[in-house]
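Q: Quick one, structure for this:
(one chain, ligands or ions: 2)
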Amino acid sequence: MIQVKKLGLHLGAEISGVDLTTPLDEATFAEVAHAFFDNEVVVFPNQFLTPAQQIAFTRRFGILEAHVRKESRLDGYDEIFILSNKVDAQGNAIGAQDAGRFWHSDLSYKRQPSMLSALNAVEIPIKNGVALGNTLFASTTAAYLALSEEEKKSLQGLRNVHSYREYRTKNYAAQLEDMRLGIRTVQEHAPTEEQLASVPDTEMDVIRTHPVTGRQGLFINEGHTSHLTGMSRQDSDARLAKLYAHIVQPAFIYTHHWQAGDLLMWDNIALQHKASFDYDPLPRLMYRTTVRGPVVT
Ligand code: OGA
Ligand code: MN
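A: Numbering: from 1, shown residues only. Ligands and ions are numbered 1, 2, ... in the order given. Now for the predicted structure:
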């Protein structure tokens, strides 16, 4: 039997009583999957998984993505996306430094946005005994439920465009500005035209029904949503700003305080998340696997 301890009001749970270094039997895996989808973000503490063990466990949820940022994949393991501010012997960034400046859900700009991501905490920055680099999660299903019936109705049929090109361009510009200000010390890899061109903009419904839980949520996020269709940019910006502010209210948020060895897994359909950059130049190293979700229309 696994133990599930709730961490937040609407989202977040700690799962113990499982060892993810060896394959789970079908019954235990089903329990884990149920607890995961029910709580939207779960932590498995003290796992210290190898890349191969992380891949083997998360692959049971579906197809693993190889990230479009090839230079940030782990050598020999295309399914592992490195998130780190560390550099190699030549001084080049070993991974993506900044995957979470804006609220976002992973790969939401794809025709098949991610179903879930799993982040393995290999090295966590600690200052004066306190772990830095918390990750924040906001439940868009809880946020949707809390809307008035009138607001829910007004969102029906509304569409939004997610743009990888716009996202990477604004994220990279923000990184360069951080470098100029001395807030960040390691140069991020620049987006290439090949990367940008390989992920075309995608249009999808604002209200999305979760394929496993059936819960409805808001599939918009400040990182990747470019605009709402069928209205002026000004109206779209104003409407989105109001919705974003609604989603990130404290009642819908769980903040994860990392410990090395954590495997944290979150639902990219039900949640959005954001990083906090309070640790540079202390080293941080995380390995992410990302499970592909169904096609959005
Ligand atoms: C990610 C991400 C946030 C963080 O791994 O997808 O957004 O705190 N990470 O590093
Ligand atoms: Mn992310």
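Q: Around the residue nearest to residue 262 when sequence neighbours are not counted, how many other residues sit close by?
A: The shortest distance from residue 262 to any residue other than its chain neighbours is 4.4 Å, reached at residue 121 (C-beta to C-beta, 6 or more residues apart in numbering). The way it works is simple: take the backbone N, C-alpha and C, and place the C-beta from them, glycine included. Residues near residue 121, counting by other C-beta atoms under 10 Å, number 24.
Q: Can you get me a residue count around residue 255?
A: 14.
Q: coming back round to it: for the residue nearest to residue 262, give its distance to ligand 2.
A: From residue 121 across to ligand 2, the span is 14 Å (C-beta to the ion, to the nearest Å).
Q: May I see the buried residues of the host helix or strand of that residue?
A: If you go by DSSP states H and E, residue 121 is part of strand 114-123. Neighbour-count burial for strand 114-123, counted by 16 or more other C-beta atoms under 10 Å, picks out 114-122.
Q: Also stretch 238-245?
A: Neighbour counts over stretch 238-245 (16+ other C-beta under 10 Å) mark 239-240, 243-244 as buried.
Q: returning to what we had before: out of the buried residues of strand 114-123, what pair is the most spread apart?
A: 115 and 122 (23.1 Å; C-beta to C-beta).
Q: OK, contacts around the residue in the stretch 101-250 of the chain that ligand 1 sits nearest to?
A: Of all residues in the stretch 101-250 of the chain, the one sitting closest to ligand 1 is residue 135 (3.6 Å; C-beta to the nearest ligand atom). Listed by C-beta atoms under 8 Å, 6 or more residues apart in numbering, the contact partners of residue 135 are 100, 119, 255-256, 258, 264, 273-276.
Q: and if you look at residue 209?
A: 215-216.
Q: Distance check, it against residue 37.
A: Applying C-beta to C-beta, to the nearest Å, one obtains 13 Å for the distance of residue 209 from residue 37.
Q: and the stretch 1-150 of the chain, which of its residues are near ligand 1?
A: Applying C-beta under 6 Å from any ligand atom, we find that the stretch 1-150 of the chain lies next to ligand 1 at 83, 99-100, 106, 117, 119, 133, 135.
Q: Look at residue 188 and give its secondary structure.
A: Three-state assignment for residue 188 (DSSP: H, G, I helix; E, B strand; the rest coil): coil.
Q: Residue numbers of the stretch 101-250 of the chain in contact with ligand 2?
A: Applying C-beta under 5 Å from the ion, we find that the stretch 101-250 of the chain lies next to ligand 2 at residue 106.
Q: the helices in the stretch 101-250 of the chain, which residues?
A: Applying DSSP state H, counting those that start in this stretch to the stretch 101-250 of the chain gives helices spanning 140-145, 149-155, 164-181, 193-198, 233-247.
Q: hey, which of those is tucked in deepest?
A: helix 140-145 (a mean of 23; mean count of other C-beta atoms under 10 Å).
Q: Tell me which residues are up against it.
A: Residues from elsewhere that reach helix 140-145 (C-beta under 8 Å, 6+ apart): 9-11, 40, 152, 207, 210, 213, 215-219, 246-247, 249, 251-252, 270-272.
Q: Now with 10 Å, please.
A: Helix 140-145 is contacted from outside by 8-11, 40, 103, 105, 139, 151-152, 155, 206-210, 213, 215-221, 243-244, 246-249, 251-253, 267, 269-272, using C-beta atoms under 10 Å, 6 or more residues apart in numbering.
Q: Report the mean per-residue pLDDT for that helix.
A: Mean per-residue pLDDT for helix 140-145: 98.
Q: Use 59 as the first number for this chain going forward.
A: Sure, I'll start counting at 59 from here, so that last one is helix 198-203.
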